[in-house]
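S.K.: coordinates only, sequence not included:
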């Protein structure tokens, strides 16, 4: 299980895929809990978790289904 720190995203696409494949329900729940609680030392750490959850939604949607509300964006009018 992950701690309270976000995952550090590597630059290597193959390593990113390995990390995503290694995620389980507990790890995704920890990421979602941090996002819901906004439990971060800085905004960039929260953004990393948000991007991680979005990547998981694309590659492992079964794990992210209960947390879709954290990544869905409402359309907005720029006017």
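M.R.: Received it, and whenever you're ready, just let me know what you need. Predicted model, so just to flag it, every value in this text is computed and none were measured.
S.K.: just list what the helix ranked longest in the chain packs against, helices and strands only.
M.R.: Longest helix in the chain by number of residues (criterion: DSSP state H): helix 43-59. Secondary-structure packing of helix 43-59 (3 or more CB pairs under 8 Å, 6 or more residues apart in numbering; DSSP states H and E): helix 13-22, helix 25-37, helix 61-64. For every residue, glycine as well, the C-beta is placed using N, CA and C.
S.K.: please identify the buried residues of the least confident helix or strand in the chain by mean pLDDT?
M.R.: Least confident element among the helices and strands of the chain, by mean pLDDT, DSSP states H and E: helix 13-22 (a mean of 86). Using 16 or more other CB atoms under 10 Å as the test for burial, helix 13-22 gives 16, 19, 20.
S.K.: likewise stretch 64-72?
M.R.: Those buried within stretch 64-72 under the rule 16+ other CB under 10 Å are 64, 67, 70, 71.
S.K.: what do you get for stretch 30-47?
M.R.: Neighbour-count burial for stretch 30-47 [16+ other CB under 10 Å]: 30, 31, 32, 34, 35, 40, 45, 46.
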